[in-house]
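K.L.:
Below: sequence and its predicted model.
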Amino acid sequence: MTGSEPAYHAVRRAGVLRVSRPDTEWLSTGWNGGKRTSDAVYNVTVPDGWERTDLDAYIAERLERAGFADRGQPQTDLGPALLTGAKQRDARGARCGSVTAYATAGISNPAALPMDPDGEGERSVPDGDEQPPGHGTVNVIVGTTTALAPGALANLVAVAAEAKAATLLAETGYPGTTTDAIIVGHDPTGEQVSFSGSATNVGAATRACVREALRATLRAHYEGSDSTLPDAVSDAPYGVSTDIRATVFRPSLED
């Protein structure tokens, strides 16, 4: 590997982005997520009108079509995968220190969080909390060559999500979409690191990489295309706004 190549190498093929590094431990918030060790993770673009629900089979088919998997190979053997309606031609990466990040973004399904919602009192969130991941979506993949303690690996998801929300608020006015997902990875053989907060080298590099990759992919997605950022949730095809209110209470104090 030369100095110009990222430690987490990526290639795009047939609507799939593969991010690879041997024997990496990943933690995914996407479909069939959790912790897994594999040589690669994937970001898969689904077509307009996509309605498949057999996601394991669909992902395996797409990876095989892209030449990233053998026929009949179980998806669970292939590494975590994210799904998005955004095109992989707009995927962008960024690197800083030990960290590399990749992002794709579409904001056709913004999820607004107003600080003074119209809803009064306590009421339930509507039924039907599952939404097919085919509308827009902001997907972020982060990898570090350091070895993170279990808590630091989990915390890196929070660091990446915070950076994603801050960047999106600055660029779009929304902290995210209804289907955002994140994968983070680390090298178990690397230099041991106990923490990954924003004041650490890993945390600061992650924040910078997510910001730069996300801003770049947003520009690629919206500049020179027919797509436009929605000015309001009501202008978006699949936007939602959390207008309900929760009930605030004070925890009990025991002597």
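P.N.:
The structure has been received and is ready for your questions.
K.L.:
quick one: contacts for residue 193?
P.N.:
Counting by Cβ atoms under 8 Å, 6 or more residues apart in numbering, residue 193 touches 146, 147, 148, 149, 152, 200, 202. For every residue, glycine as well, the C-beta is placed using N, CA and C.
K.L.:
what is residue 16 paired to in the beta sheet?
P.N.:
Bridge pairing for residue 16 (DSSP bridges) gives the partners residue 13, residue 44.
K.L.:
Show me where the stretch 151-255 of the chain dips below the pLDDT cut-off.
P.N.:
224 (pLDDT under 70).
K.L.:
Pull out the buried members of the contacts of residue 193.
P.N.:
146, 147, 148, 152, 200, 202 (16 or more other Cβ atoms under 10 Å).
K.L.:
sorry, back to before: can you pick out the most distant pair from the contacts of residue 193?
P.N.:
Using Cβ to Cβ, the contacts of residue 193 span at most 13.4 Å, a distance reached by 147 and 200.
K.L.:
would TSV of the contacts of residue 193 with distance to residue 226 and secondary structure be doable?
P.N.:
As requested, these are exported to TSV (distance: Cβ to Cβ, whole Å; DSSP: H, G, I helix; E, B strand; the rest coil):
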residue	distance to residue 226	secondary structure
146	42	coil
147	45	strand
148	41	strand
149	46	coil
152	42	helix
200	42	coil
202	39	helix
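K.L.:
Pick the one among the residues you listed closest to residue 185.
P.N.:
Nearest to residue 185 among the contacts of residue 193: residue 148, at 9.3 Å, using Cβ to Cβ.
K.L.:
check contacts around the closest one.
P.N.:
Residue 148 is in contact with 156, 186, 193, 196, 202, counting by Cβ under 8 Å, 6+ apart.
K.L.:
Narrow those residues to those in helices?
P.N.:
Among those, the ones falling in helices (DSSP state H) are 156, 202.
K.L.:
Out of the contacts of residue 148, which is nearest to residue 240?
P.N.:
Taking these together and measuring to residue 240 by Cβ to Cβ, the closest member is residue 156, at 26.9 Å.
K.L.:
what's the burial count for that closest one?
P.N.:
28 (other Cβ atoms under 10 Å).
K.L.:
can you tell me how far it sits from residue 246?
P.N.:
In this view, residue 156 and residue 246 are 28 Å apart by Cβ to Cβ, to the nearest Å.
K.L.:
ok, back up a step: format the contacts of residue 148 as JSON lines; extra columns: distance to residue 100.
P.N.:
Below are the contacts of residue 148 laid out as JSON lines (distance: Cβ to Cβ, whole Å):
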{"residue": "156", "distance to residue 100": "13"}
{"residue": "186", "distance to residue 100": "12"}
{"residue": "193", "distance to residue 100": "16"}
{"residue": "196", "distance to residue 100": "15"}
{"residue": "202", "distance to residue 100": "12"}
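K.L.:
Which member of the contacts of residue 148 is positioned nearest residue 236?
P.N.:
Taking Cβ to Cβ as the measure, residue 236 lies nearest residue 156 of these, at 29.5 Å.
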